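Asks: sequence unknown, structure follows:
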């Protein structure tokens, strides 16, 4: 499995990594493997507020405009955050709003 390949490289300092996972996935994969868990530091990151998510999307706007060859208005960003926050209940901001823009 991947943990068996990663642990020696992490222990020797040959690999540095940042990862993201859910709390359930962390418990499933890391808490059962103490050697793997020792090589990572867990940091809880709270979901940003809608206002902060709007700012995050504004910072990403140029990339998505260039990729899709479209113009994304402030109103579209606000709507993406608002609608995703209201209707997409199984994911978190800003990810769910980014998917609407994308």
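Replies: Ah, there it is. Everything numeric in this text was worked out from a predicted model, so none of it was measured.
Asks: okay, which residue of this structure is out on the far edge from center?
Replies: Taking C-alpha atoms, centre = their mean, the residue of the chain most remote from its mean C-alpha position is residue 12, at 27.3 Å.
Asks: who touches it in this structure?
Replies: Residue 12 is in contact with no residue at all, counting by C-beta atoms under 8 Å, 6 or more residues apart in numbering. Just so you know, the C-beta spots here come from the backbone N, C-alpha and C atoms, and that holds for glycine as well.
Asks: Residue 58 versus that one, what's the distance?
Replies: Distance from residue 12 to residue 58, counting by C-beta to C-beta, to the nearest Å: 41 Å.
Asks: Buried residues, stretch 93-102. List them.
Replies: Neighbour counts over stretch 93-102 (16 or more other C-beta atoms under 10 Å) mark 93, 94, 96, 97, 98, 100, 101 as buried.
Asks: isn't the third one right up against residue 88?
Replies: Yes. Here residue 96 reaches residue 88: they are 4.3 Å apart, a contact under C-beta atoms under 8 Å.
Asks: For the protein, give the helix that spans the most residues.
Replies: helix 50-68 (DSSP state H).
Asks: Other residues contacting that helix?
Replies: Counting by C-beta under 8 Å, 6+ apart, 48, 70-72, 74, 77-78, 80-82, 85, 93-94, 97-98, 101-102 sit against helix 50-68.
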